[in-house]
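Visitor: structural data only, the sequence is not supplied:
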């Protein structure tokens, strides 16, 4: 499945920091800000700001809950760890596919998320 990508755009940095630019995206949910820092400096080399709801997945009680632009869907969690990993892989396969590369951009999309240490 291919999802429409938001076209890349520049935000002039004269008056904005990555955090202030991120705060201006408050109407867009979900959203994220990732920054890289080199050598312990306070200034990031790259800032990635994203928004939109391509695919959301989380565990709630005894179910894997997914939402892909509509109502949430619940699937019972399997008791077997291998089956749970298979369920997660199947969920990630439903994530939107990236469009074509944009010349001149070193990064053009990806998945953002976290899995807690207690999942292992």
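Guide: Thanks, I have it. Remember, it's a predicted structure, so these values are computed and weren't measured experimentally.

Visitor: parallel or antiparallel, list what pairs with the worst-scoring helix or strand of the chain on mean pLDDT.
Guide: Using mean pLDDT, DSSP states H and E, the weakest-scoring helix or strand in the chain turns out to be strand 44-51, at a mean of 77. With DSSP bridges as the test, strand 44-51 is paired with strand 31-37 (antiparallel).

Visitor: buried sites along the strand it pairs with?
Guide: Residues of strand 31-37 classed as buried: 31, 33 (neighbour count, 16 or more other C-beta atoms under 10 Å). To be clear about C-beta, it is placed using only N, CA and C from the backbone, and glycine gets the same treatment.

Visitor: might you calculate how far it sits from the centre of the chain?
Guide: When distances are taken as C-alpha atoms, centre = their mean, to the nearest Å, strand 31-37 is centred 11 Å away from the chain's centroid.

Visitor: and the average pLDDT for it is what?
Guide: Averaged over strand 31-37, pLDDT sits at 82.

Visitor: now do the helices in the chain.
Guide: Ranges of helices within the chain are 18-23, 81-93, based on DSSP state H.

Visitor: quick one, which of those gets closest to residue 104.
Guide: With respect to residue 104, and counting by C-beta to C-beta, the nearest of the helices of the chain is helix 18-23 at 20.2 Å.

Visitor: for the closest one, buried residues please.
Guide: 18, 21, 22.

Visitor: any stretches of the chain with poor pLDDT?
Guide: Along the chain, the parts satisfying pLDDT under 70 run over 1-13, 38-45, 53, 107-109, 117-120.

Visitor: mind listing the strands for it?
Guide: 31-37, 44-51, 56-60, 63-67, 73-76 (DSSP state E).
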